[in-house]
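Trainee: Next one to model:
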Amino acid sequence: RRRDLHRLAHRRAAMAAPAPSHRPEAWNPPDSTRGAPPRGANPHHHLSRGAHDLRMKVVLATLAGKAMTVEGIREDAEKPGLQPHEASLMRLVEKVTNGSAVEINETGTMLRYKPGIVIGGSGLQHDCGTTRAIGYFLEPLALLSLFGKRPLQITLKGITNDDLDPSVDSWRSVTLPLLHMFGVGDGDASVP
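Mentor: Prediction:
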């Protein structure tokens, strides 16, 4: 009974609301400045705030060849600035590229990144630390390695499983076979 009364009240309210206008909105001619960067801004430089999606920002900036600045990285947090795994990711990106430049201010709340060319290479090693699992580093690394000048052979050292990142076992049983289906790393990629 209560539900029926609620439905009835909702219908009455909907009927009392004015009907939406079906008139087309006025057409505004395109403005030549709409969507353009502010005067004096560098179109080859990306500026963002916060460390959310930092891995994707770095991958996309690298592939686009576009420098970026990330400001306000956890500046109001108890531990401000880049976390150890994020700094480690930047060192990893420097290893697989040529000509990359990374600048981090003293507090770690600002990151400047000038991408280089993805080279790849063999015999590389990287210590991922213990704050995040290797899966955190594999995701951007897999994307970058697809565009490298040479095949990438790298040994990552760190923890294999945590609650936040894909495990190494998931990579071995799901991601590597998918990459092989596309002809990437036929027989080359392995997880010891």
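Trainee: ok, which stretches of this structure are helices?
Mentor: Using DSSP state H, the helices of the chain run over residues 2-16, 54-64, 84-96, 134-145, 168-170, 176-181.
Trainee: Would you mind saying which of those lies nearest Glu103?
Mentor: helix 84-96 (9.9 Å; Cβ to Cβ). Any C-beta I mention is one placed from the backbone N, CA and C, and that applies to glycine too.
Trainee: now the closest one and helix 54-64, what's the angle there?
Mentor: 20 degrees (axes from the mean of the first three to the mean of the last three Cα atoms, to 10 degrees).
Trainee: so what's the closest residue to Gly65 other than its chain neighbours up against?
Mentor: Nearest residue to Gly65, sequence neighbours excluded (Cβ to Cβ, 6 or more residues apart in numbering): Pro115, at 5.8 Å. With Cβ atoms under 8 Å, 6 or more residues apart in numbering as the criterion, the residues that contact Pro115 are Ala61, Thr62, Ala64, Gly65, Lys66, Ala67, Thr97, Gly99, Ser100.
Trainee: Make a PyMOL selection of the buried ones in those.
Mentor: Selection of buried members from the contacts of Pro115 for PyMOL, criterion 16 or more other Cβ atoms under 10 Å:
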select buried, resi 61+62+66+67+97+100
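Trainee: export the contacts of Pro115 to a markdown table and tack on distance to Gln125 and pLDDT?
Mentor: Listed next are these as a markdown table, based on distance: Cβ to Cβ, whole Å; pLDDT from 0 to 100:
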| residue | distance to Gln125 | pLDDT |
| --- | --- | --- |
| Ala61 | 24 | 95 |
| Thr62 | 20 | 95 |
| Ala64 | 28 | 94 |
| Gly65 | 26 | 94 |
| Lys66 | 29 | 94 |
| Ala67 | 27 | 95 |
| Thr97 | 16 | 95 |
| Gly99 | 21 | 93 |
| Ser100 | 18 | 95 |
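Trainee: still on that earlier bit, do you know how far the residue nearest to Gly65 is from Arg172?
Mentor: 30 Å (Cβ to Cβ, to the nearest Å).
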